[in-house]
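Visitor: build the 3D model from these lines:
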Amino acid sequence: MINYALIDDEPKNVKILKAMLDEFCPDLEYVGAASGVADGETLIRKEEPDLVFLDIQLSNENGFDLLDRLMPASFEVIFVTAYNEYAVKAFRYSALDYLLKPVNIEELTAAVAKANEHRRLRNVNRQLQNLIFNLRSPEATAHKLAIPNADSLSFISVSDIIRCEANGGYTHFYMTNGEKLLSTKTIGEYEELLPPDTFLRIHSKHIINIQHIKKYHKGRGGFVEMEGMYTIEVSARRKAEFLSRFGF
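Guide: Residues are numbered from 1 along each chain as shown. Reported below is the predicted structural model:
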């Protein structure tokens, strides 16, 4: 049985989410709700829930402030939020789950299933620490990205990525230290997630970090030489976008 707590300053939201969990996630056991940072901290320290549903905006407070008080955390977190592009991207960078209001039942049950799996892998502390770090870092290239594989998460600095290469439904990351990492996410997901000022998709199979380009060779599409002795083709249909990045 997984014990859970709800942190939300709107009683109506608490009532709705609890009713959904009671009906569609019967293996969860409710231990209480709180409306702010101080009473949320008291509740979590007292009840020690396995899972916390955390609203980000708590009246004039912030759910991240609550996490600050409780780190390192021994519980899983599913964030519940109105749409905020910056916050949502931060969650995705850390491979953490979030639910957009109004909460969708299928997304709710999927997030609960993932949280249960995360408890088995025991990755949550590093994920939450990574989230807080990224939210405090103004520069996207300073952020850390969680790379999921079959049974673990690796946390890498975005600036250390030289390139990404598609391999079916997987993605290989090539790093400045010579390391090669395999992610279970697609290259399309990373095209959307990585900062566009620094990363550019130059081929259906390749995303490059333009800060690590050494030389471009002209041709129908041409090809680039990257740090780390990598040579990568630029597809003909992406050539114009590639050259425009450098003012050509």
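
Visitor: how about the helices of this protein, start to end?
Guide: 11-24, 37-47, 63-70, 85-93, 105-121, 124-136, 187-193, 239-244 (DSSP state H).

Visitor: any chance of those in TSV, with mean neighbour count too?
Guide: C-beta coordinates here come from the backbone N, C-alpha and C atoms, glycine included. Shown next, in TSV, are those (neighbours: other Cβ atoms under 10 Å):
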stretch	mean neighbour count
helix 11-24	14
helix 37-47	17
helix 63-70	18
helix 85-93	16
helix 105-121	15
helix 124-136	18
helix 187-193	16
helix 239-244	14
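
Visitor: in a markdown table: these, plus mean pLDDT.
Guide: Formatted as a markdown table, the helices of the chain follow (pLDDT from 0 to 100):
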| stretch | mean pLDDT |
| --- | --- |
| helix 11-24 | 95 |
| helix 37-47 | 95 |
| helix 63-70 | 87 |
| helix 85-93 | 73 |
| helix 105-121 | 84 |
| helix 124-136 | 74 |
| helix 187-193 | 93 |
| helix 239-244 | 92 |
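
Visitor: possible to save those as TSV with distance to L200?
Guide: Shown next, in TSV, are those (distance: least, Cβ to Cβ, whole Å):
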stretch	distance to L200
helix 11-24	40
helix 37-47	41
helix 63-70	31
helix 85-93	18
helix 105-121	31
helix 124-136	21
helix 187-193	9
helix 239-244	6
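
Visitor: any idea which of those helices gets closest to R163?
Guide: Of all those, the one in closest proximity to R163, counting by Cβ to Cβ, is helix 187-193 (10.6 Å).

Visitor: packing partners for that closest one?
Guide: helix 85-93, strand 161-167, strand 170-175, strand 199-203, strand 206-209 (3 or more Cβ pairs under 8 Å, 6 or more residues apart in numbering; DSSP states H and E).

Visitor: reformat these as TSV; add distance to K218.
Guide: As requested, those are arranged in TSV below (distance: least, Cβ to Cβ, whole Å):
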stretch	distance to K218
helix 85-93	35
strand 161-167	20
strand 170-175	24
strand 199-203	14
strand 206-209	17
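
Visitor: who are the neighbours in contact with M20?
Guide: By Cβ atoms under 8 Å, 6 or more residues apart in numbering, M20 lies in contact with 103, 105, 108.

Visitor: and it, how close does it get to V80?
Guide: 11 Å (Cβ to Cβ, to the nearest Å).

Visitor: sweet, I'm off.
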